[in-house]
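# whatever this is, show me its structure:
(one chain, ligands or ions: 1)
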Amino acid sequence: MKYLIVAGARPNFMKIAPILRAFSSKRSGYSSAHVLLVHTGQHYSRNMSDDFFRDLGIPEPDINLEVGSGSHAEQTARIMMAFEPACLEHRPDWVIVVGDVNSTVACALTAKKLGIRVAHVEAGLRSRDMSMPEEINRLCTDVISDLLFTTDTMADENLRSEGVASEKIHFVGNTMIDTLQQQIGRARELPLRDGLAPGKYAVLTLHRPANVDSPDRLASVLGAINAIAGRIPIVFPVHPRTTSKLAGIELHPRIQIVEPMSYLPFLGLVARSQMVLTDSGGIQEETTVLGIPCLTMRPNTERPITCEIGTNVLVGTDPQRILKEATSILDGQARIGTIPEKWDGRAAERIVDILLNQCVQASTLEC
Ligand code: UD1
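Numbers count the residues shown, from 1 in each chain. Got it, this is the predicted structure:
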């Protein structure tokens, strides 16, 4: 059996690393499982891509589509046009896609139209917000996938309610958390930036188009952040999308603007912080597992389990609300969370077991 596994953008890399590892540790038992790594090149800068490969020990991609940035239509189309010949050349039995970025939907659609089976890792997450490009990517990918691997049972319910057959859905846990558990020891050993003491600083990330592409929204959110910086230093690794939007906005001197960080230093920074303010998806999950309070500056989340049982609070973008919730954490009122079921570091093993079993079931001879 041949598998093409696709990664394109920063949040994909920590999701594919443990799957590749699980395949290589199983390969001896299933000698014909042949796995090729495809990098679409959606993210291409050193600090958005190469550094993650290095930190996570991901091998060089077998196929690099080098598509780069563009509008959604341009980027999605370029990935599809570059991925189709790769599929035709390598003729995989399965294409494995992860997450919800443009590379995910582009490769899923390309493969499916060539009659190649598609497995989607992190299926079934729903924000119910169709203004988010990722929500469109999730819906389109899930509806055409043959195997849907979920991170929690709420995702299973979402898929079933959309008519996905139960036998395609497998609740396996969270591969991003597999990576966190593998790497947290190394991450905590890295020195903190000068002037930061464990438990005495906050971390900020902001990159959602809904927050950063509107100058008014960005200025209003950063107004609340400036007020919080009056009480605690804040480290702000700035995503490339956000960099140019900061011009002309005055920031409190205790906000430390830094370049996007690679995986290990960022994990080490978050793990020793007092709280995180973010509009990211994955960071909501990582903070829940680390037990770090997280304020998510969005009106909705596709990861409600992190609010229900984890440390995440959805605060929207009203500056008063952001400040109120941050103040309550700084005053020692942070919520205590628990870790979701099966976020135990073994999701990738479960995924590979299921994929290899499909192969055994399909035909013992073929495999
Ligand atoms: C993409 C994903 C988003 C994910 C985010 C993580 C989609 C629809 N969006 O959004 O879900 O949360 O990645 O980072 O797939 N740029 C660089 N270097 C790079 C990549 C991008 O400088 O390596 C700059 C370019 O100017 C680009 C801009 O960042 O136009 C935005 O990049 P893009 O990949 O379009 O979207 P993200 O906001 O990163």
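# list the residues that contact the spatially closest residue to N312 that is not a sequence neighbour.
Of all residues not flanking N312 in the chain, T306 sits nearest, at 3.8 Å (CB to CB, 6 or more residues apart in numbering). In short, each C-beta sits where N, CA and C put it, glycine included. Contacts for T306 (CB atoms under 8 Å, 6 or more residues apart in numbering) come out as Q284, E285, T287, T288, C294, N312, G337, P340.
# kindly report the same for R46.
For R46, the contact set (CB under 8 Å, 6+ apart) is empty.
# and it, backbone torsions?
Note on R46: backbone dihedrals following degrees, to the nearest 10 are phi -50, psi -50.
# pLDDT score for it?
With respect to pLDDT, R46 scores 96.
# still on that earlier bit, how about the residue nearest to N312, phi and psi?
According to degrees, to the nearest 10, T306 has phi -70, psi -20.
# check F23 too.
According to degrees, to the nearest 10, F23 has phi -60, psi -40.
# per-residue confidence for the residue lying closest to it once chain neighbours are set aside?
Once flanking residues are discounted, F23 sits nearest to V35: 4.8 Å by CB to CB, 6+ apart. V35 carries a pLDDT value of 96.
# all further residue positions should be reported with the first residue as 734.
OK, 734 is where the count begins now, so the last one is V768.
# surely V768 is in contact with I749?
No: V768 is not in contact with I749 according to CB atoms under 8 Å; the separation is 10.2 Å.
# quick one, strands of the stretch 834-983 of the chain?
850-854, 880-883, 902-904, 935-937, 967-970 (DSSP state E, counting those that start in this stretch).
# what helices or strands is the last one leaning on?
Secondary-structure packing of strand 967-970 (3 or more CB pairs under 8 Å, 6 or more residues apart in numbering; DSSP states H and E): strand 935-937, helix 948-962, strand 988-991.
# from these, which stretch is densest packed?
Mean neighbours per residue, mean count of other CB atoms under 10 Å, is largest over these for strand 935-937, with a mean of 25.
# who does it touch, helix- and strand-wise?
Strand 935-937 makes packing contacts with strand 967-970, strand 1008-1011 when contacts are defined by 3+ CB pairs under 8 Å, 6+ apart.
# whichever residue of the stretch 934-1083 of the chain sits closest to the ligand - how many residues pack around it?
With CB to the nearest ligand atom, the shortest gap between the stretch 934-1083 of the chain and the ligand falls at P973, namely 3.3 Å. P973: 14 surrounding residues under other CB atoms under 10 Å.
# do the one 3 residues further on as well
With neighbours defined by other CB under 10 Å, the count for T976 comes to 14.
# same thing with R1083?
Residues near R1083, counting by other CB under 10 Å, number 19.
# equivalent analysis for W827, please.
When neighbours are counted by other CB under 10 Å, W827 registers 20.
# what's the answer for Q916, then?
For Q916, the tally of surrounding residues (other CB under 10 Å) stands at 19.
# next: V831.
V831, neighbours per other CB under 10 Å, totals 28.
# about what we covered before: in contact with the residue nearest to F756, which residues are there?
K735, Y736, L737, I738, L753, F756, S757, R760.
# kindly report the same for K978.
Applying CB under 8 Å, 6+ apart, the residues contacting K978 are V945, D946, P948, L951.
# of all those residues, which comes closest to L872?
For those, the closest approach to L872 (CB to CB) belongs to D946, at 22.1 Å.
# chain neighbours aside, what residue packs nearest to that closest one?
Distance criterion CB to CB, 6+ apart; nearest residue to D946, sequence neighbours excluded, is K978 at 7.2 Å.
# list the residues that contact both of V768 and I749?
Counting by CB under 8 Å, 6+ apart, the residues touching both V768 and I749 are I738.
# tell me the mean pLDDT for the helix or strand harbouring L1056?
Take DSSP states H and E as the rule and L1056 turns out to sit in helix 1052-1063. Confidence for helix 1052-1063, expressed as mean pLDDT, is 98.
# got the angle between that helix and helix 948-962?
Interaxial angle of helix 1052-1063 relative to helix 948-962 (axes from the mean of the first three to the mean of the last three CA atoms, to 10 degrees): 30 degrees.
# who are the packing partners of helix 1052-1063?
Contacts defined by 3+ CB pairs under 8 Å, 6+ apart place helix 1052-1063 against helix 948-962, strand 1008-1011, strand 1027-1029.
# give me the angle between the helix or strand that it is followed by and strand 850-854.
As assigned by DSSP H and E, the chain's next helix or strand after helix 1052-1063 is helix 1080-1095. Angle of helix 1080-1095 versus strand 850-854, following the same axes, to 10 degrees, is 160 degrees.
# enumerate the residues of the stretch 834-983 of the chain near the ligand.
V834, N835, P866, E867, H940, H972, P973, R974 (CB under 6 Å from any ligand atom).
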